[in-house]
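In: Predicted coordinates and the sequence they were generated for:
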Amino acid sequence: MSNIILQVENLQTSFFTRAGEFKAVGGVSFIVHEGETFGLVGESACGKTVTGLSLLRLLPEPAGKIIGGKIILNGRNIMELSKKEMRDVRGTEISMILQDPMTSLNPVYTIGNQIGESVRLHQGLRDDMVDDEVISALRLLRIPAPEQRLSDYPFQLSGGMRQRVVGSIAMSCRPRLLIADEPTTALDATIQAQYIALFKDIQKQTNVGIIFITHDFGVVANICHRVAVMYAGKIVETGPTSTIFKAPKHPYTTALINSVPRLDRKDDRLYSIEGQPPSLLNLPPGCRFAPRCPDVQEICQKEQPPEVEINEGHTVSCWKVK
Amino acid sequence: MLSIIPTIEDKAIPKPKFSGLSRGTRILRGLSLYIPATVMVLLVLVAIFANLAWLGLPDVGISPYEPNKGHMRDRLLPPAFMEDGKSDYLLGTDRLGRDVLSRVIYGARISLSVSLLVILITAFIGTLLGITAGYIGGRVDGLIMRVVDVALSFPGLILALLLATIIGPGYVTVVVALSVLGWAGYARMVRGESLRIRQSDFVAQARVNGASTLRIMFKHVFPNVLNSLIVIMTLMVGAMILAESMLSYLGIGISAPTPSWGSMVADGRNELDRAWWIAAFPGIAIGLVVMSGNFLGDWIRDKMDPRLRQL
């Protein structure tokens, strides 16, 4: 395998509210290699986005706090960096495409200005050189006639085009790691396919590591090399995409894959998982999936299952596997 | 898979030219800019060139008389276009035989400079505090907004009276009295807008790209507040001219005999049945400026909104 660019160890993030402590991310560990797309999959509110924001140390203040763990980016633990140092890391080493890229552009500036902003911020280039950088960033995202797009305002672009501009901003300083937080959710199927192909292409050109946050298994199958399945703030299973699809070991992964509608099977009703995820205020002592698990055993209710590596690169946290 | 990505065409695509509006609409749009702009420019010119002595030039100007010189034989003369009017006094004279036209011309200086000065001061302070409160939030927000609440609930007139007794009536008193409380309205409006903008994704994106708080406040929040700010500022031109005249009427502001439109209206009130022109012409001047300000404000707002810019 190629170089590791990100190593997350036992990351814990909580939100402190009047009602108590929401353990949004409860000890998550994973690694991302250079040139790899790592999928983070799970249902709504399982902590995917919070994990992404934690990696940038951009949690909504003052409620959100990283309470433990290590985030090692390019060999540096970014938890120890000062605010100023962290600002320099953002955009240059690690970048993020937000959940709704359609509104991520400032309506009062031209796109040339907006892409140029982070170039100017981090590289201190002269204005004519900034334009060159901006054009090359637009070219990277395959935006036609980039020279002319520079002076356009966001409202003049179509949705798909705006999405690519947001991508250009994220890639403008050629970060080593890109976090894409459900970038395809707001798109229709055709544009979605284009966008995913574009991601693959960019990765080939720049060797960037991508963390792809999504709840869509179809997208995962398409783009991710490895996948981690999250449930209630914990990763329950990690492995190569093909393994996860063909031989899921954790009951939650199985259930999640089963609940994706399929064309090659004729079902009367779509499979769904009974019950609700546990409240993050009040987590069960044992396995977090236990209350909804079809294969629940006595030990599941009492103790948290350890992480077991069953094959190379395929780890599962489930008592059944032990 | 890659084939579905559109290929880059480096050939320059010509920008489409379009003139989507009909001729009538364009002319109307033009008028709504040119008429108020002309009024404003004329007014500023009139204020500047009323008399050139203050620029170190010879004592000439467009004002036909000195504003405070009474012509005892020509008291309460109607405007020139009326039956008993004299062509020497285009807009008539007042109780002391002072030329109304000259006084309106000189009054433009006071009214314009007071309102512009107050608007600039209050908008600056209000925007600064409003963005800080809205973007930083928390305790800073609480503190600033409590001060705003106090400022908004404080009776401005009493404060002005207080100031007048402390530093005496005059130009500075008017400016200070209107500025001390006037910033609060801007601060409240700007804070509200900043709160909304703080939540927007482009601010989040800027943070992701490593922009500092100060940079976001002034590069991302401020330009998005600017539109509303400019509209309010232009609306304030009228409000400030009225406030100034009110203070002048009460003897807190510009004291007689220095002409200001407000005090002229107040003066003419007593003679309204005999000599309507004393109050009417400064009143018309006020109306014109307020309206021009509003039209110009609308026009500027449309220009600043990129969505309307190209229409």
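Out: Cool, got the structure. Numbers count the residues shown, from 1 in each chain, chains lettered A, B, ... in the order given.
In: For my notes, confirm residue A:178 occurs in a strand.
Out: Yes: according to DSSP: H, G, I helix; E, B strand; the rest coil, residue A:178 belongs to a strand.
In: Verify the contact between it and residue A:210 for me.
Out: Yes: the pair residue A:178 / residue A:210 is scored as a contact, 5.0 Å apart, by C-beta atoms under 8 Å. From N, CA and C alone the C-beta is placed, and that goes for glycine too.
In: Return the distance of the residue lying closest to residue A:2 once chain neighbours are set aside relative to chain B.
Out: Closest residue in space to residue A:2, ignoring its immediate chain neighbours: residue A:34 at 4.6 Å, by C-beta to C-beta, 6 or more residues apart in numbering or on different chains. For residue A:34, the distance to chain B (C-beta to the nearest C-beta, to the nearest Å) stands at 21 Å.
In: Correct me if wrong: residue A:34 contacts residue A:175.
Out: No: using C-beta under 8 Å, residue A:34 is not in contact with residue A:175, being 11.8 Å away.
In: neighbour count winner among those two?
Out: Legend: neighbour count by other C-beta atoms under 10 Å in any protein chain shown for residue A:34 and residue A:175, higher for residue A:175 (24 against 18).
In: That one touches residue A:88, doesn't it?
Out: No: in this structure, residue A:175 is not within contact of residue A:88 by C-beta under 8 Å, at 11.8 Å.
In: which residue sits closest to residue B:180, ignoring its sequence neighbours?
Out: The nearest residue in space to residue B:180 (C-beta to C-beta, 6+ apart) is residue B:159, at 6.4 Å.
In: Show the contacting residues for the one you found.
Out: Going by C-beta atoms under 8 Å, 6 or more residues apart in numbering or on different chains, residue B:159 touches B:177, B:180, B:181.
In: The residue nearest the centre of chain B: what's its closest spatial neighbour, skipping adjacent residues?
Out: Geometric centre of chain B, nearest residue: residue B:237, 2.5 Å, by C-alpha atoms, centre = their mean. Spatially, and ignoring its direct neighbours in sequence, residue B:237 is nearest to residue B:293 (3.8 Å; C-beta to C-beta, 6+ apart).
In: Tell me how far residue B:79 lies from residue B:107.
Out: 17 Å (C-beta to C-beta, to the nearest Å).
In: burial count for the closest residue in space to residue A:274 that isn't next to it in sequence?
Out: Nearest residue to residue A:274 in three dimensions, chain neighbours excluded: residue A:292, at 5.8 Å (C-beta to C-beta, 6+ apart). Around residue A:292 there are 17 other residues, counting by other C-beta under 10 Å.
In: Next: the one 4 residues further on.
Out: Other residues near residue A:296 come to 17 when the count uses other C-beta under 10 Å.
In: show me the residues around the residue nearest to it when sequence neighbours are not counted that make contact.
Out: Once flanking residues are discounted, residue A:296 sits nearest to residue A:290: 5.2 Å by C-beta to C-beta, 6+ apart. If you count contacts by C-beta under 8 Å, 6+ apart, residue A:290 has them with A:284, A:296, A:300, A:301.
In: is it true that the last one touches residue A:284?
Out: Yes: using C-beta under 8 Å, residue A:301 is in contact with residue A:284, at 7.1 Å.
In: check contacts around the residue nearest to residue A:2.
Out: A:2, A:3, A:4, A:5, A:176, A:207, A:208, A:209.
In: got the domain boundaries for chain A?
Out: Domain ranges of chain A: A:4-93+A:175-272, A:107-172, per automatic domain parsing.
In: Switch these over to TSV; also include mean pLDDT.
Out: As requested, the domains of chain A are exported to TSV (pLDDT from 0 to 100):
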stretch	mean pLDDT
domain A:4-93+A:175-272	89
domain A:107-172	87
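In: For those domains, give me a markdown table that also has distance to residue B:270.
Out: Output for those, formatted as a markdown table (distance: least, C-beta to C-beta, whole Å):
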| stretch | distance to residue B:270 |
| --- | --- |
| domain A:4-93+A:175-272 | 62 |
| domain A:107-172 | 51 |
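In: What separation do you get for the most centrally placed residue in chain A and residue A:125?
Out: Among the residues of chain A, the one closest to the centroid is residue A:213, at 3.1 Å (C-alpha atoms, centre = their mean). Remark: distance between residue A:213 and residue A:125 (C-beta to C-beta) = 31 Å.
In: How about residue A:162?
Out: Taking C-beta to C-beta, one finds residue A:162 at 25 Å from residue A:125.
In: which one of the two has more residues nearby?
Out: residue A:162 (19 against 14).
In: in which helix or strand would I find that one?
Out: helix A:159-171 (DSSP states H and E).
In: Surely the residue nearest to the centre of chain B is in contact with residue B:290?
Out: Yes: here residue B:237 reaches residue B:290: they are 6.6 Å apart, a contact under C-beta under 8 Å.
In: Could you report the pLDDT at residue B:19?
Out: Per-residue confidence for residue B:19 comes out at a pLDDT of 56.
In: number of nearby residues for the nearest residue to residue A:53 once chain neighbours are set aside?
Out: Nearest non-adjacent residue to residue A:53, counting by C-beta to C-beta, 6+ apart: residue A:59, 5.4 Å away. Neighbours of residue A:59 under the rule other C-beta under 10 Å: 17.
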